[in-house]
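**Q** fold the stuff below for me.
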Amino acid sequence: MSIRDHSAVYGDLLDVLAEGANAKRLLAFRLSERLQARLDNLLEKNREGTLTNEEVAELDAYEHFEHLVRLLKARELQK
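**A** This next block holds a predicted model:
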């Protein structure tokens, strides 16, 4: 599935979330320091090739989340 397909799949949800979102809060959204530190750790282990299967799944979840946040921010900027 391409990125364009993902956008279509999430489109309706993104519209609803963007409509009810506080624009400043949404656009300023960042992971907490704790979660960012965990993500940084996973990325480092990925570069080293030392991720466990569980960590691969965790990193994949972060990547999906980041993609959703980027799409949501893009929707907000289009308003």
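**Q** what bits of this structure have low per-residue confidence?
**A** Low-confidence segments of the chain (pLDDT under 70): 1-9.
**Q** relative to L14, how far out is L77?
**A** 12 Å (C-beta to C-beta, to the nearest Å). C-beta: built from backbone N, CA, C; applies to glycine.
**Q** compare the two (neighbour count), which wins?
**A** Neighbour count, other C-beta atoms under 10 Å: between L77 and L14, L14 has more, with 19 against 11.
**Q** go ahead and confirm that one touches V69.
**A** No: the pair L14 and V69 fails to qualify as a contact (C-beta atoms under 8 Å) at a distance of 10.2 Å.
**Q** I'd like the distance between R38 and L26.
**A** Note on R38: its distance to L26, by C-beta to C-beta, is 22 Å.
**Q** same question for D60.
**A** For D60, the distance to L26 - C-beta to C-beta - is 24 Å.
**Q** in terms of neighbours, single out the busier of those two.
**A** The neighbour comparison of D60 against L26 (other C-beta under 10 Å) goes to L26, with 17 against 11.
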